[in-house]
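*Asks:* Next comes the sequence, and after it the predicted model I'd like to discuss.
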Amino acid sequence: MLAYTIKRLGLSVVITILAITLLFLIIHMIPGDPVSTMLGPKASPELRAALEEKMGLNQPLPVQIGLFFVNMLRGDLGVDVFTNRPVSQIVFGQLPYTLALIGTAIGWSAPLGIALGCVSAVRRDSFIDRLTGILSVSVIAVPAFVVSLYSLLFFAVQLKWFPAIGAGKSGDLPDQIWHLVLPAFAIGLSWVGYIARLVRASMLEILGENHIRTARAFGLPENWITFRYALRLAILPTITVIGVGMGFLLSAAVFTEIVFSRPGLGKLVIDSITTRNYPVVMGSVLFSTLIFVASTTISDLINALADPRIRNST
Amino acid sequence: MNKPNIQWTKLPRRSFLKGASALGLAAAAGGGFSRHAFADGTTLRTRAYSDMRSLDPAFSQGVVDEEIQAPIYNKLIQYQPGREWGWQLDAAQSIEQADPTHINFTLKDTIGFTNGFGAMGAEDVKFSFERIIDPALESTNKPDWGPLSHVEVTGERTGTIVLKTPFQPLWNITLPYIAGNIVSKKAFESVGGKIDTTPVATSGPYLHKSWEPKQKTTLVRNPDWKGEAGAFDTIEIFPIDDEKAAEIAYEAGAIDFTRISLDSLERLKASPPADSTVVEFPSLFYVWVGMNLDNPKLENPKLRQAIQHAIDVPSIMQASYFSGAEPSTGIIAPGLVGHREQSMTGIAANLEKAQALLDESGESNVSLAIDVLNKSTNVTTAQILQANLAALGIALEIRLHEGATFWQLGENKDLELILNRFSMTPDPYYATSWFICEQAGVWNWERHCSEEFDKIHADAQAEADPEKRAAMYRRAQDIMEESGAYKFITHEATPDIFRNTIVPALRPDGLPLYRYFGKA
Amino acid sequence: MEQTLKTRGETAQIFHHLVRDPLGLVGLAIVSIILLSALFADQIVPYDPVALNIPDRLQGPSLTHLLGTDQLGRDTFSRMLMGGRVALQVALPTIAGAMSLGLLLGMIAGYGPRWLDNLILLFFDTIRSFPTVMFALAVVALVGPSLNTVILVIMATSIPTYGRVVRTLTLSLKSAEFITAEKALGATNSRILGVHILPNVLGPMAVIAAMDIPTIVGLEAGLSFLGMGVKPPTPSWGSLLNDGYSLIRNTPWPIIAGGLPLIITTLGFTFLGEALRDVVDPKLRGRGGKK
């Protein structure tokens, strides 16, 4: 296990480095620069040159990349081109909103999905099972931003049941939760179906396995068996899938944050890309990538812990 | 922000808390008000169209920063709220134009800076104005001071602004706007000469309490302010870039004042939310279709004229501006010196004339491209232009850009058509300055260059007779239109909505002057 | 899984299975309708989807305009129909490209030497480590918005999905008895890959492609929604949603018209993919859908 862990962590580090380098190259090939965005209609060539120097844009690209890594390890992600605030501070300011959104989305959809999956597996081929099956398939691939737009249109604009924009007043928790309802619903919806199917499939597989039959033979109550053994094992793939699906969740969050005008990493990325605020783009995508790499790594490790075949293979 | 404004919060925060408890007492004594209603009445919640970027007047990014700087700093004079442009005294006790290049001022003796930086003196005025023209500071707002030579300090609170040449815009856009904010010399020198987003010392009726990036800026009443006190305990300014989002926020009760979009104007006017008022103001922005004179594809003047006559401005008003804006005649809006009553190419499309001009030009199979900033109004306009030109058999490709790439297009010699929109300040000098030869390829994207135009621009800024000055600017716009490189579209409009619990103080173009906002 | 080429009879059998499964039948029907309406969009649109009619702007649904009109008086229903064409114009080349590259890289990784396998896997993982939308945004900002850009970006991000499955299948087939036997008989690598492995991975590929189409169509719509896809006046479901979002207080119809076909397309292809998978390879259960 230790060898596998070290190997897996090493791989994550390599992937992160490659991804950041690739990102850096892409961003620096983008035409349009923060200098003109920032200086506006009053820029003189001298002003431009000075600002470019300040932002390090006059250095050769490899030097810029190298410096980025060195500074990153020291926790310095540079400063916002426009306000001179440290990028790390800006990103950490927005990160909680996105994490709260993703967390709430998973928080409601995973338990519901697991419950539906369990019921479907235990009552296999019943009406509930079939209904869950069809609903699951139906919601799985509907793009989260379409759900966002529709729920904004129906529940906020037309029916006015929920607030339409923003994240709520800072310091006012009930208000913030109230503002989370629609966005978290939009992101979570497809996960209900996905997790329900996954749990159902794994439960059926486990329910067919020997040790449960044995337990049944010894006369343990049916429900107890189901939950004590099967569910525990069935939740494992759910964790894995959420870990691997983190990129998907972050992508969904980008659109949802735009649709609901919520602060967060997604909105930060879009705003900073359109203003060519390189340091902020780098910082926010870096964090998204780190979250993604970390979550896949963790889910792989959990999987390996549970399933020796994995840690012995690669 | 972990530690906001650490240097200066000590003193003001204590006073703020004192103020808050005093109010609590008053509320308890009054008894009649519910706490909730009382709290609502003492906070003004409003919206800015983007987040604040700088609290340093030398690096202010325009209206959004100014809306925050204006209540916390003072200027010699301020814009006067109302329907007509004008100014009123602020930090100046008196101010007068001694001769075309000298302006004498005397400061009030009641204005002090926070954080123990003392009374405002003529030295502070000198420092604030001269630092903006100091090449070493590289202020983005240097052009606003035009031909400023220096400020002479003649006494503790008296001084003279000395210009190299006469400069009429001084009274309209320099003193009462961004570059006119007075900062504390001692305070700024104590932090190395400039600031970012943390104010080191302020002097206005409100104090800058905190800035939560992308969330809000909070101002609180300055307890030490000796002038007419600010009406609100707190002003919260929320950056909401999207107009639609702002309207939704208003209807949800989250803000008390916002500009609204033209497509909502009719709906909100017909059935305004409870206890709300919708007001309409003209705006100074100018929108036009430009044609790059240096592009060989557009070198034929008859072709350019054909395009000028093919564009149907009334359709654009209807579809892009929801009939809430009027067609424009040039770059200078009604109410400003030099506004033209009429344009030369008319407002509605004249297809026959356009076709005749196109035939005369001898051009056929014309296909052109228009560069457009990616905003829904512009995209709608561009599609109308596309249909207008299609009627002449001209194919028009629409190229959409984000802000960062769009504002760089000027460098591109191969531009063809451009749908453009510039912001404006209340002096015609500011409008013509972007269309002189020197600006070709910078902000003059049509690369229009006329000796006569340049001369008018140079002379008119010094012309003291308003009638003559107006005639000069009218002629300048004729020259632009005659070049065939411009088709003027609109100055847009500024509809605002506010709750009847507040009394907004607005500039003639509908922008807010928060320091003068009152309670109903 | 059997080792030989699928015969004509087997294809017919798959089809037979597919239509007997209610889910498959519904999926097949929806997909056919979508394909046909996209293919014949010019013939069936009631109005020219780009023709302006400003006096009739912002109308609600009526018999003359089934889904109303937009801010330029264009018929929303006609724009919706034409939008289907854009969706498929993006989805089909993207799938074709991603599948071919995925096949190639996956087979090389699965069949080739260990170091190459590791290198390709690393490449897959790196691409996958960006949240797709953020990657797409950066690239679109780089080369400017256009359909080709969108196709290339989505293709690049989809390659790992195909490549990983092909690699796994190739790995397991590589050690299968019949392949070992072929090798012993002196078959070349290209023969083994082309004749034995390729036909066996095509089935699962088709399943993944059917499952992947909604993701791709959704991503295109998302980018066009952000103004980073099609150029105006071309109608796409995403640009309908974009128009609709800015008109959300004036009329709900453009949003409804942009979202509905996305939901229907998603359902159709997902149903079809599910049914296809049950027929082709029940072992694939649990794959597809989320990436």
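*Replies:* It's in.
*Asks:* For the residue of the stretch 1-150 of chain B found nearest chain C, grab the count of nearby residues.
*Replies:* Scanning the stretch 1-150 of chain B for the residue nearest chain C gives residue B:49, at 15.2 Å (criterion: Cβ to the nearest Cβ). Heads up, the C-betas are built off the backbone N, CA and C, glycines and all. For residue B:49, the count of nearby residues is 15 (other Cβ atoms under 10 Å in any protein chain shown).
*Asks:* Okay, it and chain A: tell me how far apart.
*Replies:* The span separating residue B:49 from chain A equals 13 Å under the rule Cβ to the nearest Cβ, to the nearest Å.
*Asks:* So which residues on chain B come close to chain A?
*Replies:* By the rule Cβ under 8 Å from any Cβ of the partner chain, the part of chain B lying against chain A is B:1-2, B:52-54, B:61-62, B:135, B:138, B:140-143, B:196-197, B:212-216, B:240, B:242, B:245, B:248-249, B:252, B:254, B:402-405, B:407-408, B:422, B:434, B:442-443.
*Asks:* I'd like to know which of these are buried.
*Replies:* Among those, those buried by neighbour count (16 or more other Cβ atoms under 10 Å in any protein chain shown) are B:52-54, B:61-62, B:138, B:140-143, B:196-197, B:212-216, B:240, B:242, B:245, B:248-249, B:252, B:254, B:402-405, B:407-408, B:422, B:434, B:442-443.
*Asks:* who's in contact with the residue of the stretch 51-200 of chain A found nearest chain C?
*Replies:* With distances taken as Cβ to the nearest Cβ, the stretch 51-200 of chain A approaches chain C most closely at residue A:143, which sits 3.4 Å away. Taking Cβ atoms under 8 Å, 6 or more residues apart in numbering or on different chains, we find residue A:143 in contact with A:255, C:214, C:218, C:219, C:221, C:222, C:262, C:266.
*Asks:* Okay, and which of the buried ones among the residues of chain B next to chain A map to strands?
*Replies:* Filtering these for membership in strands, criterion DSSP state E, returns B:212, B:216, B:422.
*Asks:* Would you agree the last one is in contact with residue B:435?
*Replies:* No - with the criterion set as Cβ atoms under 8 Å, residue B:422 and residue B:435 do not qualify as a contacting pair; they are 9.9 Å apart.
*Asks:* Let's have the ones in strands among the buried ones among the residues of chain B next to chain A in JSON lines, adding distance to residue B:74 and pLDDT.
*Replies:* Converted to JSON lines, these look like this (distance: Cβ to Cβ, whole Å; pLDDT from 0 to 100):
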{"residue": "B:212", "distance to residue B:74": "25", "pLDDT": "85"}
{"residue": "B:216", "distance to residue B:74": "23", "pLDDT": "88"}
{"residue": "B:422", "distance to residue B:74": "29", "pLDDT": "91"}
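*Asks:* Closest to chain A out of those?
*Replies:* Closest to chain A, out of all of these and judged by Cβ to the nearest Cβ, is residue B:212, at 6.5 Å.
*Asks:* Can you verify my assumption that that closest one contacts residue A:170?
*Replies:* Yes - between residue B:212 and residue A:170 there is a contact under Cβ under 8 Å: 6.5 Å.
*Asks:* what's the helix or strand for the closest residue to residue C:45 other than its chain neighbours?
*Replies:* In space, not counting the residues next to it along the chain, residue C:45 is nearest to residue C:78; the distance is 4.0 Å by Cβ to Cβ, 6 or more residues apart in numbering or on different chains. Assigned by DSSP states H and E, residue C:78 falls within helix C:76-111.
*Asks:* same deal with residue B:279?
*Replies:* Taking DSSP H and E as the definition, residue B:279 sits inside strand B:276-282.
*Asks:* tell me, how many neighbours does residue 206 end up with?
*Replies:* By default, I'm working from chain A. For residue A:206, the tally of surrounding residues (other Cβ under 10 Å) stands at 18.
*Asks:* The chain in question should be chain C.
*Replies:* Other residues near residue C:206 come to 18 when the count uses other Cβ under 10 Å.
*Asks:* and the gap between it and chain B?
*Replies:* Going from residue C:206 to chain B by Cβ to the nearest Cβ gives 36 Å.
*Asks:* what's the pLDDT at that residue?
*Replies:* Predicted confidence (pLDDT) at residue C:206: the value is 85.
*Asks:* Angles on the backbone of residue 149, please.
*Replies:* Going with chain A. Listed backbone geometry of residue A:149 is phi -60, psi -40, with angles given as degrees, to the nearest 10.
*Asks:* that answer is for a different chain, and I need it for chain B
*Replies:* Recorded main-chain torsions at residue B:149 are phi -90, psi -60, according to degrees, to the nearest 10.
*Asks:* wait, does the one helix or strand residue A:176 maps to contact chain B?
*Replies:* Residue A:176 belongs to helix A:173-207 when assigned by DSSP H and E. No - using Cβ under 8 Å from any Cβ, we find that helix A:173-207 stays clear of chain B, coming within 9.7 Å at best.
*Asks:* Can that helix be said to contact chain C?
*Replies:* Yes - with Cβ under 8 Å from any Cβ as the criterion, chain C is reached by helix A:173-207 at A:190, A:194, A:197, A:198, A:201.
*Asks:* how about TSV for those residues, with pLDDT and neighbour count added?
*Replies:* Supplementary listing: these in TSV, determined by pLDDT from 0 to 100; neighbours: other Cβ atoms under 10 Å in any protein chain shown:
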residue	pLDDT	neighbour count
A:190	88	26
A:194	87	27
A:197	86	23
A:198	86	25
A:201	83	17
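*Asks:* Show me chain B divided up by domain.
*Replies:* For chain B, the structural domains run B:43-239+B:499-519, B:286-491, going by automatic domain parsing.
*Asks:* quick one: is the shortest one near chain C?
*Replies:* By that I understand domain B:286-491. Yes - with Cβ under 8 Å from any Cβ as the measure, domain B:286-491 is seen reaching chain C through B:315, B:318-320, B:374, B:376, B:379-380, B:382-384, B:386-387, B:397-400, B:402, B:405.
*Asks:* Can you flag the buried ones in the residues you listed?
*Replies:* Burial by neighbour count, judged by 16+ other Cβ under 10 Å, picks out B:315, B:318-320, B:374, B:376, B:379-380, B:382-384, B:386-387, B:398-400, B:402, B:405 from the residues of domain B:286-491 next to chain C.
*Asks:* quick one: which of those residues sit in strands?
*Replies:* When those are checked against strands (DSSP E), the matches are B:398, B:399, B:400.
*Asks:* pLDDT-wise, what's the bottom of those residues?
*Replies:* Lowest pLDDT among those: residue B:400, 87.
*Asks:* Do I have it right that that residue meets residue C:232?
*Replies:* Yes - using Cβ under 8 Å as the test, residue B:400 is close enough to residue C:232 to be in contact (7.3 Å).
*Asks:* Spit out the residues that contact the two alike.
*Replies:* If you check residue B:400 and residue C:232 against Cβ under 8 Å, 6+ apart, the residues they both contact are residue B:379.
*Asks:* ok so, going back, can you work out which residues contact both of residue B:422 and residue B:435?
*Replies:* Counting by Cβ under 8 Å, 6+ apart, the common neighbours of residue B:422 and residue B:435 are residue B:331.
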